[in-house]
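>>> Compute the structure for the input listed below.
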Amino acid sequence: MDFGPHLLLAVLEGGVTAAVLALTAMGLSIVFGVMRVVNVAHGEFYMVGAVLAWYIATALGGNPILGFMAAVVIAPLLVGSLAAGVDRLILRRINYDPERTIVATIGTLYILQQTTLMTFGPDPRPVEPPFNSRIALPWFDWNQNGLEFYYPWGLSITSYKLFVIAAAAVILITLWFAITRSKAGLIMRATQQDSDMAQAFGIPVKTVYSVVFGLGAGLAAIGAVLVVPIQQAYYLMGHDPLLLAFIVVIIGGLGSLPGTIIAAILIGMADSIISVFFTPTLAKIFATLLVATVLVFRPTGLMGKSTA
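All right, here's what the predicted structure looks like:
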């Protein structure tokens, strides 16, 4: 009887992980899909988003709702602007060469990390959630008296975690419609298909690259702002999201947005369920084995397209 309620809790917690992971990995996937650039500094843009959320919430202390609303708007804009600046000042100057781009983003990673350490400090700092009431989880069970309903069962989840799932879903749906239905999305897709042809038709490809690089970092920052009231802002918090985002993008297919969402749900749910019933280490082993399996049997990912 204990298995079912704990599985329900694990699924809801996995939904939170999957929601944040989908936002973070979506940014990485968009950057690679349009620019063919591997952004190793993606996790640090995530971290900077969380740190900025702490600064903004602290500056507007006394009203958690106002602080959160300001952070969820201002932090992604600042991080996106920072990333666009990195593109213009560094990546554009090396002509987006794949090898040099990796080295450049590694350098950006350490600059952002050490700058944050010097200014923010080494200690994790919490951000108060805008609301955080606990919601008891119900459960059903068959016994000798038939079907019985139990409420409360004893397990619960916070209203803020459910909000994170809903907010991420709304953002991803909005992003999907923007990419597939808007003029800006058409320009992005044209640049992704053939940048030289897009340039010939008058599309400012380099400007598109800057916007896309900023958009990718901004999505990571949104994920960080959403998760920082659950976790804490910390200057080393970008490592795990970067690793998991790479795993999601590889499994889903490089540059495939639907594949990224499916893979994020798969990895997020698996990570939570395995961590609850077994150990977090086993969850990471599972993710690694899943990547290896996908690369062996479907090198382009679940929904990736072969370039051959």
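
>>> looking at this structure, which helix or strand does the model trust least?
strand 146-150 (a mean of 63; mean pLDDT, DSSP states H and E).

>>> residues in contact with the very next helix or strand once past that one?
Remark: after strand 146-150, the chain's next helix or strand is strand 156-158, criterion DSSP states H and E. With CB atoms under 8 Å, 6 or more residues apart in numbering as the contact definition, strand 156-158 has outside contacts at 9, 12-13, 129, 132-137. Where you see a C-beta, it was placed from the backbone N, CA and C, and this is true even at glycine.

>>> Please narrow those residues to those residing in helices.
9, 12-13 (DSSP state H).

>>> How about the contacts made by residue 7?
Residue 7 makes contact with residue 273, according to CB under 8 Å, 6+ apart.

>>> Check which residues of the helix or strand hosting it are buried.
Take DSSP H and E as the rule and residue 7 turns out to sit in helix 3-35. Buried positions in helix 3-35, judged by neighbour count with 16 or more other CB atoms under 10 Å: 5-6, 8-10, 12-35.

>>> now the angle between helix 3-35 and the helix or strand following it, please.
Per DSSP H and E, the first helix or strand lying C-terminal to helix 3-35 is helix 42-59. If you take axes from the mean of the first three to the mean of the last three CA atoms, to 10 degrees, helix 42-59 sits at 110 degrees to helix 3-35.

>>> Use 89 as the first number from now on
Sure thing, new numbering starts at 89, so read that last one as helix 130-147.

>>> Quick check: mean pLDDT of helix 130-147?
The pLDDT scores in helix 130-147 average 96.

>>> can you give me the helices in the stretch 239-388 of the chain?
Remark: helices assigned in the stretch 239-388 of the chain by DSSP state H, counting those that start in this stretch are 247-269, 271-281, 283-288, 293-315, 327-340, 345-365, 368-385.

>>> For the ones you listed, give me CSV that also has distance to residue 172, mean neighbour count and mean pLDDT.
Listed next are the helices of the stretch 239-388 of the chain as CSV, based on distance: least, CB to CB, whole Å; neighbours: other CB atoms under 10 Å; pLDDT from 0 to 100:
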stretch, distance to residue 172, mean neighbour count, mean pLDDT
helix 247-269, 17, 15, 94
helix 271-281, 14, 16, 92
helix 283-288, 18, 14, 90
helix 293-315, 4, 26, 96
helix 327-340, 20, 23, 91
helix 345-365, 21, 21, 89
helix 368-385, 30, 14, 84
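
>>> for those helices, which one sits closest to residue 194?
When those are compared for distance to residue 194 using CB to CB, the nearest one is helix 327-340, at 11.4 Å.

>>> Quick check, residue 342 in contact with residue 117.
Yes - if you go by CB atoms under 8 Å, residue 342 and residue 117 touch, sitting 7.2 Å apart.

>>> State the distance from the nearest residue to residue 320 once chain neighbours are set aside to residue 218.
In space, and not counting its chain neighbours, residue 320 is closest to residue 212: 3.8 Å by CB to CB, 6 or more residues apart in numbering. Residue 212 is 20 Å from residue 218, where distance means CB to CB, to the nearest Å.

>>> the more surrounded of these two?
When residue 212 and residue 218 are compared for neighbours, residue 218 comes out ahead with 19 against 14, by other CB atoms under 10 Å.

>>> Many thanks, I have nothing further to ask.
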